[in-house]
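Asks: return atomic coordinates for the entry below.
(one chain, ligands or ions: 1)
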Amino acid sequence: MSLTDRSATDLIAALRNGEITAVACTEAFLTRIEATNPTLNAFLSVNGEGALAEAARIDAARAAGKPLGPLAGLPVAVKDVLCTTDQPTTCASKMLRGFRPPYDADVVRRLREADAVLIGKTNMDEFAMGGSNENSAYGLVRNPWDLDRAPGGSSGGSAAAIAADMAPLAIGSDTGGSIRQPAGLCGITGLKPTYGRVSRRGLVAFSSSLDQIGPMARSAADCSLLLQAIAGHDPGDSTSLAVAVPNYTAELDKPLNGLRIGRVAAHFGPGLDPEVAEHVEATFTAYEAAGATIHEVELPHAAHGVPTYYLIAPSEASSNLARYDGAHYGHRWDGSRPPDDGGMADFDSPLVEMYCRSRAEGFGPEVKRRIMLGTYALSAGYYEAYYAKALRVRRLIRQDFLDAFEQVDLIGGPVSATPAFKLGEKTENPVAMYLVDLYTVGTNLAGIGGISFPCGFTAGGLPVGFQLQGPALSEPLLLRAAHQYQQTTDWHHRRTAALPA
Ligand code: GLN
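Replies: Modelled structure (predicted):
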């Protein structure tokens, strides 16, 4: 077994007992990145020198018997939407090309405190808007299981990096499914924590009432190590929860006897790929065999999830992205007017022209679409009909989950209706791309937790994901339920053959 094949849990043990050094571990992953990144484009920047220097510091500290953090010497990849002082932070946008933040995100600070080795920044959909990673200004990401398919998004780089053994752990962010959906399509495990469990300070804002950072790894056990390092109250994020962080690994091995899992009949409607349905149903059966009981529950407003999300998220985005005006933040127009002006002619003032041209050049088409949708939904005369109404429906969607969790402990089901789709298949049709989020947006609208993990493969060799959703702060149970499943299945151990060994 090569070093990069090993789990994070296993590597940490090997680092601790001196079987391997942090430098050797970091070198192994850097070599793997060098071999596979030209094909996958999962990393936007690789922190080779910095990572090796950090690894050497950790080896020296260990040799000197100094106390070290829980992730000491382990490489971690970070989605390029988190601020890092020592690496660029672009959000996969031209708007932030070359941007070096003046401070670290709280999650990055905690990772450094845990003595993790920050190995690089992963590709994503621009400003985390998308479900395929095709909206990156720096090129798409390929799915390691089939290079002609999308890895999902927006944390597609992080998901592909884990699936291709380019890093043992990765950070993602999830506003409407961006951790769970790419995890499902790439055959890895990803957790969206409860809103507020992880600080958003230094996470470049997309939709502030929905955004949440979470762990991505091969297994639930590995995810629990990463969540342990990043969770906790931060006075720098007023929405972060001032609630003690439990020990996420302590109860992983507790059996599932008596666990009540909900099944939603409406999840199995038309549009669900038959192979996905088959593996998801088999997962319910596996949970029954493990001592859980399955109960039919209803989420009556779930069908309104996608339209509600696509009003709230763009509304917040249009406000959050107003700061990129070429003056306060972001790319600035250089003053040269192109011969074909694309319809831009009359400006009220040179300042307005600078704003408009800077934004027109800096943002990609999907980000512009979201800004327009959101600006429209918030505008006088439409606010009540769209934005305010969406907030009311959001409340109903949340209430559905609260009611369901009176009857069951967790809700199971598919993550995505289909396995990974072909690159280019949905790029011309935004609504088709938005519908990919059918099963994931409810978790964010309700502010609760959700985990996605592999539950089988299609005949064509593509991974299929299973999602468990749980009440606020149910992360220990979500991780345990996924871990228990992974004790009796080997889907998460399978490696792709589509890449060089
Ligand atoms: N696919 C969804 C969107 O495009 C979710 C994105 C996310 O969770 N960041 O908005």
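
Asks: so which residues on the stretch 51-200 of the chain come close to the ligand?
Replies: 128-131, 154, 174-178 (CB under 6 Å from any ligand atom). For glycine as for every other residue, the C-beta is placed from the backbone atoms N, C-alpha and C.

Asks: the chain now?
Replies: With CB under 6 Å from any ligand atom as the criterion, the chain meets the ligand at residues 128-131, 154, 174-178, 206, 313, 437.

Asks: so which of the residues you listed are in helices?
Replies: A313 (DSSP state H).

Asks: in CSV, list the residues of the chain next to the ligand along with pLDDT, neighbour count and distance to A53.
Replies: Shown next, in CSV, are the residues of the chain next to the ligand (pLDDT from 0 to 100; neighbours: other CB atoms under 10 Å; distance: CB to CB, whole Å):
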residue, pLDDT, neighbour count, distance to A53
A128, 98, 30, 30
M129, 98, 29, 34
G130, 98, 29, 34
G131, 98, 28, 36
S154, 98, 35, 30
D174, 98, 29, 31
T175, 98, 29, 34
G176, 98, 30, 37
G177, 98, 32, 36
S178, 98, 36, 31
F206, 98, 26, 32
A313, 98, 28, 39
D437, 96, 23, 40
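
Asks: next step: the residues of the chain next to the ligand restricted to strands.
Replies: D174 (DSSP state E).

Asks: including distance to V431, could the residues of the chain next to the ligand go into JSON lines?
Replies: Listed next are the residues of the chain next to the ligand as JSON lines, based on distance: CB to CB, whole Å:
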{"residue": "A128", "distance to V431": "19"}
{"residue": "M129", "distance to V431": "14"}
{"residue": "G130", "distance to V431": "13"}
{"residue": "G131", "distance to V431": "12"}
{"residue": "S154", "distance to V431": "17"}
{"residue": "D174", "distance to V431": "21"}
{"residue": "T175", "distance to V431": "18"}
{"residue": "G176", "distance to V431": "15"}
{"residue": "G177", "distance to V431": "16"}
{"residue": "S178", "distance to V431": "18"}
{"residue": "F206", "distance to V431": "19"}
{"residue": "A313", "distance to V431": "15"}
{"residue": "D437", "distance to V431": "11"}
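
Asks: and which of the residues of the chain next to the ligand is nearest Q399?
Replies: Nearest to Q399, judged by CB to CB, of the residues of the chain next to the ligand is G176 at 19.0 Å.

Asks: contacting residues for the closest one?
Replies: Counting by CB atoms under 8 Å, 6 or more residues apart in numbering, G176 makes contact with 207, 210, 309, 313, 437, 440-441, 444.

Asks: from the residues you listed, which would you call buried?
Replies: Neighbour-count burial (16 or more other CB atoms under 10 Å) applied to the contacts of G176 gives 207, 210, 309, 313, 437, 440-441, 444.

Asks: farthest pair within these?
Replies: Spatial extent of those (CB to CB) is set by the pair S207 and T440 at 13.6 Å.

Asks: quick one: pLDDT of the closest residue to I188 other than its chain neighbours?
Replies: Of all residues not flanking I188 in the chain, I162 sits nearest, at 4.5 Å (CB to CB, 6 or more residues apart in numbering). Here the pLDDT value assigned to I162 is 98.

Asks: in contact with I162, which residues are there?
Replies: 77, 168-170, 186, 188, 216-218.

Asks: can you check D86 too?
Replies: 47, 50, 118.

Asks: A helix includes the last one, no?
Replies: No. According to DSSP: H, G, I helix; E, B strand; the rest coil, L118 belongs to no helix; its state is strand.

Asks: so it touches L111, yeah?
Replies: Yes. Proximity of L118 to L111 meets the contact threshold set by CB atoms under 8 Å, at 6.4 Å.

Asks: between these two, which is the more surrounded one?
Replies: Ranked by neighbour count (other CB atoms under 10 Å), L118 and L111 place L111 first, with 26 against 22.

Asks: and the strand or helix carrying the more buried one, what does it pack onto?
Replies: Taking DSSP states H and E as the definition, one finds L111 inside helix 106-113. Judged by 3 or more CB pairs under 8 Å, 6 or more residues apart in numbering; DSSP states H and E, helix 106-113 is in contact with strand 75-79, strand 117-122, helix 220-230.

Asks: partners of the first one in the sheet?
Replies: On the basis of DSSP bridges, the sheet neighbours of strand 75-79 come out as strand 117-122 (parallel), strand 169-174 (parallel).

Asks: what does the residue nearest to G130 when sequence neighbours are not counted show for phi and psi?
Replies: Once flanking residues are discounted, G130 sits nearest to G153: 4.5 Å by CB to CB, 6+ apart. Backbone torsions for G153, taken as degrees, to the nearest 10, come to phi -160, psi 170.
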